[in-house]
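Student: With the sequence up front, the predicted model follows.
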Amino acid sequence: MASSSSNQSAYAGLKNTLKFQWKVTGMMERFVFGKKVLFEILKLTADDVYCLQQNGVDKFLAVTFYTIIKLEEVRVLCKAKATSLAALGIDVESMCTHNQRALTVPTYSPFVSDEILVHYLSRYTTVMPGV
């Protein structure tokens, strides 16, 4: 059960989060990344960033912002500073999905099987298994 819920959160995305992925083998430490990239190159302040999380296995840092407006500002800023980020070997992509919503449909009927419900709902949306 735990694996399906973690897959669901990964599918739905992380709200207001940008992923800074390293293309090359070496990866900056969190502190160095914050100082060099966020504060020097992108000119952000500590008040702009809600969370800075490192994923060493997949070689990326996830930066979460307080608002979606700040996320969009930083995304545009990253495009403008693309050459500086590319020189460091960093790709930037959004981890949140703005065009998707989670919809929970409580369905129980002793007369209709789960497979029939899934088949019907899959015509209109992506069906994810329940927890």
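Tutor: Looks like it arrived, so ask away.
Student: Let me see the contact set for residue 54.
Tutor: 29, 30, 61, 62 (C-beta atoms under 8 Å, 6 or more residues apart in numbering). Where C-beta positions appear, they are placed from N, C-alpha and C, glycine not excepted.
Student: Can you report how many residues lie near residue 95?
Tutor: When neighbours are counted by other C-beta atoms under 10 Å, residue 95 registers 17.
Student: before we move on, back to that, show me how to select, in ChimeraX, the buried members of the contacts of residue 54.
Tutor: Entered in ChimeraX, the line below selects the buried ones among the contacts of residue 54, by 16 or more other C-beta atoms under 10 Å:
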select :61,62
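Student: Helices of this structure, residue ranges please.
Tutor: Applying DSSP state H to the chain gives helices spanning 2-12, 30-33, 68-80, 82-87, 114-122.
Student: So for the shortest one, what gets flagged as buried?
Tutor: Neighbour-count burial for helix 30-33, with 16+ other C-beta under 10 Å as criterion, is recorded at residue 33.
Student: Which secondary structure elements does it sit against?
Tutor: Counting by 3 or more C-beta pairs under 8 Å, 6 or more residues apart in numbering; DSSP states H and E, the packing neighbours recorded for helix 30-33 are strand 49-55.
Student: so what strands line up beside the strand it packs on?
Tutor: Sheet partners assigned to strand 49-55 using DSSP bridges are listed as strand 60-65 (antiparallel).
Student: averaged over its residues, what pLDDT does the partner strand have?
Tutor: The predicted model assigns strand 60-65 a mean pLDDT of 89.
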